[in-house]
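>>> Please find the sequence and the predicted model below.
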Amino acid sequence: MATKVIVNIPGEEPYDVRIGAGVLDALGRRMRGVPSLERTERALVITDSNVAPLYRDQAKESLAAAGFRVSDIVVPAGEDTKSVEVAGEIWEAMAQLSLGRDCVVVALGGGVVGDLAGFAASAYMRGVALVQVPTTLLSMVDSSVGGKTGVNLAAGKNLVGAFKQPAYVCADTATLATLPEREWTCGCAEIAKSAVIDSDEFFFWLVDAAGALAAREDEAVAEAIARSVVFKADVVAQDKTESRGVRECLNYGHTLGHAVETLAGYGAFSHGAAVAEGMRFAARLAVELVGASADFVAAQDDLLDALGLPALAWSADPADMLDAMKRDKKARRGQVRFVLLRDVGSWELLDVDDAAILEHLGAWVRSKE
Ligand SMILES: NC(=O)c1ccc[n+]([C@@H]2O[C@H](COP(=O)([O-])OP(=O)(O)OC[C@H]3O[C@@H](n4cnc5c(N)ncnc54)[C@H](O)[C@@H]3O)[C@@H](O)[C@H]2O)c1
C-alpha cells in the first residue's frame, strides 16, 4: 500500500510524495496526474552509474508507457559528481538532445543525483520541471523534499545552487533492497534527527519501531519516511529559503558531525555516523546549557544504538575540533553555533563560547579512552 504526503509550501504548487513498494511502476502515470506535466512530451532521466543498471529501465518503461519520449544521462556515482563541470556537461547534453522549456528532468538516485539534476533543471532555459525519484533512504527522508539543489565548489560543499521544488516525488521503498548498509544507517540518522526535533509522538513511535526499521521491514520503513517527510515539509513551509532561522533545526548534530568528517577525513565515517555522534555530543552540551535531562541523553543514545549508529570509537584533539567547527561555513564570525534540545520537540540555536566547547570536547575525548 502506498502512502501519499502532500507538500504544501507557501507560494509554490503543492506536490505529492508517494511512498511504498512498487510506486516506481506508476511513475509515468502519476506524473500525468500533475497538471503542469499533463501535456509534457519529453522526459530526461538523470541517474548515476550504480543506480542505472538497477532501476533506469523500470523508470524509463513507466515513463514511456505514459507517453513520454524518454532520454537518459548517466553520471559517475559519488560526491565528486556534484560539480559545476558535470552540471555543465548535463546542460550541453540537454541542448544536444534539443530539449525545450517544456521538458521534465527526472532525478533517479540518491542525494547526489537529486541535488545535481535538480540544479540542472533549475537553470536549463531558466528552469524546467523536476521530478525526484529518490533511491537512498537519506534522499527519501531528506534531500528530495524541500527544494534545495546545488553543486560543490573546491572551496566547500553546496556553495552554488538554487531552490527548486519538484512537481512530484516518487519514493519506491523496493529500491532500498539494494542499498548498502552504510547508506542505510545514513538515512536512519536523519530519521532519528527528525524525530527528536519534531515531537514526543514521532520520537516514541520511532523508539518502538527502531528494531523493525533496522531490519528494513517495509511497513516501518514506509512510515518512518512518511513521518520524516511530513516533518521536513513542515519546517520548509515555515522557512522556504532558509531566511527565518526555522530551517536551522535541521542542522542538529551537524556542528560536531562536520568537524568529525573533516578531521577523520571524508569517507572515514559515513555522514550519518558523524551526525549521530554530533547528536550525542549536542545532547550532553544541552544538559549544561539549556537544562536538558540525563534521561533525554540516555533515551537518544539508546535510540541511536538501536538504529545501528553506535558511539564512535574515535576522537581528536579538542583544539583541532574547535578549529574545524570555526572554519565550518555555518559558523558566524568565528562563533560556533549549536542546535540544542531542551527536550524532545523543543530546540534552540545557541552561540556557545570556546571555553564551554573545549571543556565538553575534553569530556568527549575522555569518554573514548
Ligand atoms: N538538498 C538537500 O536538502 C540535501 C539534504 C541532505 C543531503 N543532501 C546531499 O545529499 C548527498 C548525499 O546523498 P546520499 O546519501 O543519497 O548519497 P549518494 O547519492 O551518493 O548515494 C549513496 C550511494 O548509494 C548508491 N545508491 C543510490 N541508490 C541506491 C540503491 N537503491 N541501491 C544501491 N545503491 C544505491 C549511489 O550510487 C551512491 O554510491 C550529499 O551530496 C548531500 O549534500 C542534500
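Sure thing, it's come through.
>>> element containing the closest residue to Glu181 other than its chain neighbours?
What sits nearest to Glu181 in space, not counting adjacent residues and going by C-beta to C-beta, 6 or more residues apart in numbering, is Gly308, at 7.7 Å. Backbone N, C-alpha and C define where each C-beta goes, glycine included. Here Gly308, judged by DSSP states H and E, is contained in no helix and no strand.
>>> right, and Gly308 touches Thr185 too?
Yes - if you go by C-beta atoms under 8 Å, Gly308 and Thr185 touch, sitting 4.9 Å apart.
>>> So for those two, which sits in the more crowded spot?
Neighbours per residue (other C-beta atoms under 10 Å) separate Gly308 from Thr185, with Thr185 holding more: 22 against 18.
>>> Could you pull up phi and psi at the more buried one?
Per-residue torsions, Thr185: phi -70, psi -30 (degrees, to the nearest 10).
>>> same thing with Trp314?
The phi/psi pair for Trp314 (degrees, to the nearest 10) is phi -160, psi 140.
>>> Who are the contact partners of it?
Neighbour list for Trp314: 260, 264, 269, 368 [criterion: C-beta atoms under 8 Å, 6 or more residues apart in numbering].
>>> quick one: the last one and Phe281 touch, right?
I take that to be Lys368. No - at 11.6 Å, Lys368 and Phe281 do not qualify as touching, with contact defined as C-beta under 8 Å.
>>> So these two - more neighbours on which side?
Counting neighbours by other C-beta under 10 Å for Lys368 and for Phe281 shows that Phe281 has the greater number, 25 against 11.
>>> May I ask which helix or strand encompasses the more buried one?
helix 271-290.
>>> ok, then the element right after that helix?
Immediately after helix 271-290, counting by DSSP H and E, sits helix 294-306.
>>> can you pull the buried residues of that next one?
Neighbour-count burial for helix 294-306, counted by 16 or more other C-beta atoms under 10 Å, picks out 296-297, 299-301, 303-304, 306.
>>> and what of stretch 234-246?
235-236, 239-240, 246.
>>> wait, which of these is closest to the ligand?
Val236 (9.0 Å; C-beta to the nearest ligand atom).
>>> residue contacts, the nearest residue to Asp317 once chain neighbours are set aside?
Closest residue in space to Asp317, ignoring its immediate chain neighbours: Val365 at 7.8 Å, by C-beta to C-beta, 6+ apart. Going by C-beta under 8 Å, 6+ apart, Val365 touches 315-318.
>>> which among the buried residues of helix 294-306 gets closest to the ligand?
Checking these one by one against the ligand (C-beta to the nearest ligand atom), the nearest turns out to be Leu304, at 17.7 Å.
>>> Show me where this structure has its strands.
With strands called from DSSP state E, the chain shows them at 3-7, 15-20, 42-48, 69-75, 104-109, 129-134, 148-153, 156-163, 168-172, 336-343, 346-352.
>>> and the first one, what does it pack onto?
Just to be clear, that refers to strand 3-7. Here strand 3-7 touches strand 15-20, helix 218-238, going by 3 or more C-beta pairs under 8 Å, 6 or more residues apart in numbering; DSSP states H and E.
>>> can you check the fifth one too?
Judged by 3+ C-beta pairs under 8 Å, 6+ apart, strand 104-109 is in contact with strand 42-48, helix 57-65, helix 111-123, strand 129-134.
>>> need these in JSON lines with mean neighbour count, can you?
JSON lines is the format used below for these (neighbours: other C-beta atoms under 10 Å):
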{"stretch": "strand 42-48", "mean neighbour count": "25"}
{"stretch": "helix 57-65", "mean neighbour count": "19"}
{"stretch": "helix 111-123", "mean neighbour count": "26"}
{"stretch": "strand 129-134", "mean neighbour count": "28"}
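>>> The ligand: which of those is closest?
Across the helices and strands packed on strand 104-109, closest to the ligand is helix 111-123 (C-beta to the nearest ligand atom), at 2.1 Å.
>>> how about that closest one against the ligand, any contact?
Yes - using C-beta under 6 Å from any ligand atom, we find that helix 111-123 touches the ligand at 111-113, 115.
>>> Does anything pack onto that helix? Which helices or strands?
Where contact means 3+ C-beta pairs under 8 Å, 6+ apart, helix 111-123 is packed against strand 42-48, helix 84-96, strand 104-109, strand 129-134, strand 148-153, strand 156-163.
>>> for Val84, what are its contacts?
Going by C-beta under 8 Å, 6+ apart, Val84 touches 151, 153, 160.
>>> Apologies, that question was intended for Arg29.
Arg29 is in contact with 62, 65-66, counting by C-beta under 8 Å, 6+ apart.
>>> I'd like the distance between Ala268 and Glu261.
Ala268 sits 8 Å away from Glu261 when distances are taken as C-beta to C-beta, to the nearest Å.
>>> Who has more neighbours out of those two?
A count of neighbours by other C-beta under 10 Å puts Glu261 above the other of Ala268 and Glu261, at 23 against 13.
>>> I'd guessed the more buried one sits against His271; true?
Yes - using C-beta under 8 Å, Glu261 is in contact with His271, at 6.8 Å.
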